[in-house]
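Undergrad: Quick one: sequence plus predicted model below, questions after.
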Amino acid sequence: MNSGTPPQPRRVVLALALAEGRRWLRHPLLLGGVAGALWVAFQVVATGQVPVLSRDDVEVGQALLALAAAALLVANLAGLRARRSGAEELLEALPAGTDLRAAGLLVSLAWPLALAVVLVGLDLAWLLALGAIGRPSIAELLVGPAAVALAGPSASCSRGSPRAWWQDHWPCSEAPRCIGR
Amino acid sequence: MRNDGKGNGDGTVVEVHGVTKSYGRAPALDGISLTAGTGVTGLLGPNGAGKTTLLRLLATVLAPDRGELCLLGLDLGVPAERHQIRRHLGYMPQEPGLYRNFTAFEFIDYVAILKELTERRPRRAEVRRVIEAAGLEAVAGKRIRALSGGMRRRVALAQALLADPALLLLDEPTAGLDPEQRLRFRELVSHPGQDRCVLLSTHQTEDVAALCQRVIVLHQGRVLLDGTPADLAALARGRVWLADSRDLAAKLAWRTPQGRWRNIGDAPASGAELVEPTVEDGYLLLVGHGALDEGVAA
């Protein structure tokens, strides 16, 4: 089946991102992060005061910190999955190497990021439906999605550890293996 | 010798020339040379013989210290060709390290992506094909952590069968399986072995006798024998006999279920009741107690 022209790495990365994305969206930690973000947002409206967007936009952004924390943990778990499972030997024998796997994981962070943007939109719509006044600060609203966007890659950097990099640059891969023995 | 990854014109798929590999000062492979073509070839040897190291080298996971490796007419030492080899390779490590939280289907699908099967529809069809080939239909939706050891081995085999590889490397595929699972596994492996090169490492002589058209016996990183299972059994011809008691001239002897002693050695007494040797007898004489010191070799 593989005898034809090799697919572009971009296609492999996108396919990986889709597969990882499906796992993102049903991961218990991420669902917990969403629940946490909704709970914080509910606390804002539960005060009974008239919402003021120029004040409550801070809470809208901070509500997503729970989601960012979840993204940090899930990305770390996904990034270290091969090492944790002892699957590195199997994966090293496959055409798509560590660099493409890491790229696929990074691109898959678009899913929690999109989720964060949707949550911000929902929070705003909720506040507006309650008769909110004022104008929100775009910078404050972006705090939550930005936290999610930064948390994932920082954890995913574990995929780019020197050992993982060396293993893709055979025959130099032997050096770190011998050191780790 | 180089080509498009379909092997040499003479049917040779694996070529190993003077390959040496050491871990620190301990040599795992000591300048071995061998070739393999279509069919099932068994790598037989005791623990530490170098079977797994050889398969890791062939799977492009390790690099040799010295020597040349060519698979499918492509040179493992050239990065571009190594990538091409990986596209035609199926590898089942001794410890596959499956993702426990994935279902069997999800894991095989994930590996299929890494085998560059990027189009969703044909990839899913291929995953279903190997799941069916491995007899995993009933458990495809179960998480791997909930599967038995035998089922996990099948998942590992199924991922190796993805994309119809021209070379299949199986490292101790029947280790830890109960007798029924082993028989089922032999059935699974014998099918793909009909039209491709399968290299199977094992220390089970029964697997070799049942599956392999060819056997390579490794010991202490060297090739002791390269021939057919019948060649290996023939090493013990005239050197296996039954007796009512343990013969002191035997190198190895054990009591059979019938209560008699099966003796293996170089010098059966005159008039001894010689029996037809098995692959195991030949292997024991070749690698077993004291045999090497006395120069038994093919």
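TA: Yes, it's here.

Undergrad: Give me the distance from the helix or strand hosting A:Leu91 to the chain's centre.
TA: Using DSSP states H and E, A:Leu91 sits in helix A:88-92. From the chain centre to the centre of helix A:88-92 is a distance of 24 Å (Cα atoms, centre = their mean, to the nearest Å).

Undergrad: Heading C-terminal from it, find the next helix or strand.
TA: helix A:98-108.

Undergrad: helix/strand/coil for the residue nearest the centre of chain B?
TA: Central residue of chain B (Cα atoms, centre = their mean): B:Leu200, 1.6 Å from the mean position. Following DSSP: H, G, I helix; E, B strand; the rest coil, B:Leu200 is assigned to strand.

Undergrad: For it, name its beta-bridge partners.
TA: Following DSSP bridges, B:Leu200 is listed with bridge partners B:Gly42, B:Leu170.

Undergrad: In contact with it, which residues?
TA: B:40-43, B:170, B:173, B:189, B:207, B:211-212 (Cβ atoms under 8 Å, 6 or more residues apart in numbering or on different chains). For every residue, glycine as well, the C-beta is placed using N, CA and C.

Undergrad: Quick one: residues contacting A:Val148.
TA: Contacts of A:Val148 by Cβ under 8 Å, 6+ apart are A:64, A:67-68, A:71, A:109, A:112-113, A:115-116.

Undergrad: ditto for A:Gln43
TA: A:Glu59.

Undergrad: Likewise for B:Ile32?
TA: B:16, B:18-19, B:50, B:54, B:67, B:218, B:221-223.

Undergrad: Which of these has the largest number of neighbours?
TA: B:Leu54 (31 neighbours; other Cβ atoms under 10 Å in any protein chain shown).

Undergrad: Now that residue: closest residue in space that isn't a chain neighbour?
TA: Nearest residue to B:Leu54, sequence neighbours excluded (Cβ to Cβ, 6 or more residues apart in numbering or on different chains): B:Leu29, at 6.1 Å.

Undergrad: Output the below-cut-off pLDDT ranges for chain A.
TA: A:1-7, A:155-181 (pLDDT under 70).

Undergrad: which ones are touching the residue most central in space within it?
TA: With distances taken as Cα atoms, centre = their mean, A:Leu109 lies nearest the centre of chain A, 3.6 Å away. A:Leu109 makes contact with A:71, A:75, A:148-149, A:152-153, A:156, according to Cβ under 8 Å, 6+ apart.

Undergrad: now with 7 Å?
TA: Contacts of A:Leu109 were listed using Cβ atoms under 7 Å, 6 or more residues apart in numbering or on different chains, and they are A:75, A:149, A:152-153.

Undergrad: A:Gly21 too?
TA: A:108, A:111.

Undergrad: Repeat that for the one 3 residues further on.
TA: The neighbourhood of A:Trp24, defined by Cβ under 7 Å, 6+ apart, consists of A:30, A:74, A:108, A:111-112.

Undergrad: what about the helices in the chain?
TA: Looking at chain A here, since you left the chain open. Using DSSP state H, the helices of chain A run over residues A:9-25, A:28-45, A:53-63, A:65-79, A:81-85, A:88-92, A:98-108, A:110-129, A:138-156, A:162-167, A:174-180.

Undergrad: meant chain B, my bad for not saying
TA: Secondary structure of chain B (DSSP H): helices located at B:51-58, B:79-87, B:104-114, B:120-133, B:149-161, B:179-190, B:205-211, B:229-234, B:279-287.

Undergrad: Show me what counts as buried in the second one.
TA: For helix B:79-87, the neighbour count (16 or more other Cβ atoms under 10 Å in any protein chain shown) marks B:81-87 as buried.

Undergrad: where does the stretch 101-250 of chain B come near chain A, residue by residue?
TA: By Cβ under 7 Å from any Cβ of the partner chain, the residues of the stretch 101-250 of chain B that approach chain A are B:109-111, B:113-118, B:126, B:163-164.

Undergrad: coming back round to it: show me what the helix holding A:Leu91 is in contact with.
TA: Contact partners of helix A:88-92, identified using Cβ under 7 Å, 6+ apart, comprise A:82, A:167, B:61, B:91, B:93, B:96-97, B:114.

Undergrad: re earlier: save the buried residues of helix B:79-87 as TSV, and put in distance to chain A and pLDDT too.
TA: Below are those laid out as TSV (distance: Cβ to the nearest Cβ, whole Å; pLDDT from 0 to 100):
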residue	distance to chain A	pLDDT
B:Glu81	12	91
B:Arg82	7	91
B:His83	6	90
B:Gln84	8	92
B:Ile85	9	94
B:Arg86	4	94
B:Arg87	4	93
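
Undergrad: Can you tell me which of the contacts of A:Leu109 lies closest to chain B?
TA: A:Ala75 (15.2 Å; Cβ to the nearest Cβ).

Undergrad: Break chain B down into its domains, please.
TA: Here the domain parsing of chain B from automatic domain parsing is B:12-228, B:238-276.

Undergrad: Worst mean pLDDT among those domains?
TA: Least confidently modelled of the domains of chain B is domain B:238-276, at a mean of 87 by mean pLDDT.

Undergrad: what distance separates that one from the middle of the whole chain?
TA: Distance, centroid of domain B:238-276 to centroid of chain: 30 Å (Cα atoms, centre = their mean).

Undergrad: Next, the buried residues of it.
TA: B:239-243, B:247, B:250-253, B:261-265, B:268, B:272.

Undergrad: now do stretch B:130-144
TA: Those would be B:130-131, B:134-136, B:139-140, B:144, for stretch B:130-144 by 16+ other Cβ under 10 Å.

Undergrad: try stretch B:143-154
TA: Residues of stretch B:143-154 classed as buried: B:144, B:147, B:150-154 (neighbour count, 16+ other Cβ under 10 Å).

Undergrad: how many neighbours does A:Ala17 have?
TA: 21.

Undergrad: Just give me the closest of the buried residues of helix B:79-87 to A:Leu94.
TA: Set against A:Leu94, the nearest of those by Cβ to Cβ is B:Arg86 (6.1 Å).
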